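> no FASTA, just this:
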């Protein structure tokens, strides 16, 4: 009996030991399951600069949304929510905005984020001598920045400005480390330091940009270890990378791949509204585009319905105004119908001879089906009598060649504007005001300038809508662009990835991503 009891005791101990071992093993597996992983994002092109106060392209801003925080930001539904500022107020006359900051926030270089740091950043962008891209973005309505106390900053405004909060929520409102700004100088776009959830780890131009989690982020450590941006201009290659798992997120998804990807049980396809338009600015500073009849002719010459239905498989909408439909202040003024005979008539009236040579330039991989759309437009323009020289460029090169119509001397170029504030002021003023920061057509019109100025300085929503409706009618008539389409955003995400979404201003938001 003693022997039997001893044997039973040993068996019991072995079972308990096995259970204990299994429990420990299970615990280790669970721990491994929640260990932050690496996220790979394949994009049509790479960022051009990581200084949000000196950039104006969505890809750069996708990156800076990881590196930096702002006074306020947007939630998943696009509503203004606190970020570095925990609360704010506006004076009764609408000319002063005051923000109370979170206490104890530090930059990634361990320096404090306080009112002086916020003032330093806005003084930097408001200094015209610095020649930063976003100077006019803030200088139009901000008069002075005040550090009222260690954790309170206020802005004296030049006039009551209704969409001011949306301007602070834009990527340009990001707060740099003043210490790093001073140390890096003109190199800041390659070596940024913010107070956001991720830090820049590595940038190999043309190959990858790597961001690593900021373990001391005030909002909690990110749930992925790293995020790597890979520039992949070829549409098919991005889709294959998503299907094979080589990429966890891709943007944009080419429309012709949507149905196939939807049939993949490991992939989600997210289709979102967009404030982005796609167009072809015409260089109004040179012949023959300085004649409004020629510009209108080119609008009649392009078959926009076919572009949307065939090239984009319906993932878009023919533009009915120079700003996209989701924009606050939008109103339809009607699209130019496809009428090549009307185009030929206008060209003849303007004295443009058949065979006239013009240039058409496009990026490849930056915008949804950009090269394919540009090639189609080339065919449309040749069909009404032009000889069209076609050139395509890598995004970084293209940006450098298409900044100023007089200086760069282009004829017809592809551009796309995603109004990052979601408001008609920033959708129209940069593109069509004589002094606009993105006036790639070189258009100048005194009546239009007056309306855009009035819209900026009017707070009443009904008055603003009427003002922008009048402005949009002038823009259509002057035809500084070939107006093509309003975009939709199509993003591919592996099903084991959560927390990825898009704002209507085409920001791909990755800071809350989780990879299982």
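Sure thing, it's come through. Because the structure is a prediction, the values reported are computed rather than measured. Numbers count the residues shown, from 1 in each chain.
> Find the centremost residue of the protein, please.
residue 58 (2.6 Å; C-alpha atoms, centre = their mean).
> Can you show me the helices along the stretch 351-500 of the chain?
Along the stretch 351-500 of the chain, counting by DSSP state H, counting those that start in this stretch, helices occupy 370-383, 395-401, 405-408, 424-432, 446-456, 461-478.
> one step back: and the residue nearest to the centre of the chain, how far from residue 493?
For residue 58, the distance to residue 493 equals 18 Å [C-beta to C-beta, to the nearest Å]. The C-beta positions use only the backbone N, C-alpha and C, and glycine is treated the same way.
> swap in residue 501?
Taken as C-beta to C-beta, the span from residue 501 to residue 493 is 9 Å.
> re the thing from before, was I right about the residue nearest to the centre of the chain contacting residue 418?
Yes. The criterion here is C-beta atoms under 8 Å, and residue 58 meets it with residue 418 at 5.5 Å.
> before we move on, the earlier item: the residue nearest to the centre of the chain and residue 323: what is the separation?
16 Å.
> How about residue 93?
Distance from residue 93 to residue 323, by C-beta to C-beta: 29 Å.
> can you check residue 510 too?
Note on residue 510: its distance to residue 323, by C-beta to C-beta, is 27 Å.
> So for those two, which sits in the more crowded spot?
residue 323 (29 against 25; other C-beta atoms under 10 Å).
> Where does pLDDT dip in the stretch 151-300 of the chain?
Applying pLDDT under 70 to the stretch 151-300 of the chain flags no residue at all.
> Now do the helices in it.
Using DSSP H, counting those that start in this stretch, helices in the stretch 151-300 of the chain cover 164-168, 178-184, 235-244, 258-262, 292-301.
> Let me have those in TSV, extended by distance to residue 352.
Below are these laid out as TSV (distance: least, C-beta to C-beta, whole Å):
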stretch	distance to residue 352
helix 164-168	42
helix 178-184	50
helix 235-244	35
helix 258-262	40
helix 292-301	6
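> For the ones you listed, could you give me JSON lines that also reports distance to residue 327 and mean neighbour count?
Output for the helices of the stretch 151-300 of the chain, formatted as JSON lines (distance: least, C-beta to C-beta, whole Å; neighbours: other C-beta atoms under 10 Å):
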{"stretch": "helix 164-168", "distance to residue 327": "11", "mean neighbour count": "21"}
{"stretch": "helix 178-184", "distance to residue 327": "33", "mean neighbour count": "16"}
{"stretch": "helix 235-244", "distance to residue 327": "27", "mean neighbour count": "19"}
{"stretch": "helix 258-262", "distance to residue 327": "25", "mean neighbour count": "14"}
{"stretch": "helix 292-301", "distance to residue 327": "20", "mean neighbour count": "23"}
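> Quick check: which of those helices is nearest to residue 328?
With respect to residue 328, and counting by C-beta to C-beta, the nearest of these is helix 164-168 at 8.6 Å.
> The closest residue to residue 476 other than its chain neighbours and residue 478, how far apart?
Using C-beta to C-beta, 6 or more residues apart in numbering and skipping residues adjacent in sequence, the residue nearest residue 476 is residue 333, 4.9 Å away. Separation of residue 333 from residue 478 (C-beta to C-beta): 12 Å.
> re the thing from before, can you say which of the helices of the stretch 151-300 of the chain is nearest to residue 441?
Here helix 292-301 is closest among the helices of the stretch 151-300 of the chain (C-beta to C-beta), at 8.6 Å.
> Centre of the chain to the closest one, how far?
For helix 292-301, the gap between its own C-alpha mean and the chain's C-alpha mean amounts to 29 Å (C-alpha atoms, centre = their mean, to the nearest Å).
> what do you get for stretch 78-85?
18 Å.
> what's the answer for stretch 278-291, then?
25 Å.
> just stretch 457-472 next, same as before
Centre-to-centre, stretch 457-472 and its host chain are 25 Å apart (C-alpha atoms, centre = their mean).
> buried set for it?
457-458, 464-472 (16 or more other C-beta atoms under 10 Å).
> and which of the residues you listed is nearest residue 407?
Residue 407 lies nearest to residue 471 out of the buried residues of stretch 457-472, by C-beta to C-beta, at 26.4 Å.
> Output the lowest mean pLDDT helix or strand found in this structure.
The helix or strand of the chain with the poorest confidence is helix 2-34; it has a mean of 42 (mean pLDDT, DSSP states H and E).
> tell me the angle of whatever helix or strand comes next after it relative to helix 235-244?
On the C-terminal side of helix 2-34, the closest following helix or strand by DSSP states H and E is strand 37-43. Orientation note: strand 37-43 sits at an angle of 160 degrees relative to helix 235-244 (axes from the mean of the first three to the mean of the last three C-alpha atoms, to 10 degrees).
> Need the contact partners of strand 37-43.
59, 62, 224-232, 237-238, 241-242, 246-251, 497, 508, 510, 513, 515 (C-beta atoms under 8 Å, 6 or more residues apart in numbering).
> Which of these fall within strands?
224-231, 249-251, 497, 508, 515 (DSSP state E).
> Just the buried subset of those residues, please.
When the ones in strands among the contacts of strand 37-43 are checked for burial by 16+ other C-beta under 10 Å, the buried set is 224, 226-231, 249-251, 497, 508, 515.
> Between which two of these is the distance greatest?
Most distant of those, by C-beta to C-beta, are 231 and 515, 20.9 Å apart.
> what's the closest non-adjacent residue to residue 111?
Distances taken as C-beta to C-beta, 6+ apart put residue 179 closest to residue 111, at 4.9 Å, once the chain neighbours are dropped.
> Verify the contact between the one you found and residue 106 for me.
No. With contacts defined as C-beta under 8 Å, residue 179 does not count as touching residue 106, sitting 11.2 Å away.
> Need the overlap of contacts for residue 58 and residue 418.
Joint contacts of residue 58 and residue 418 (C-beta under 8 Å, 6+ apart) are 276, 505-506.
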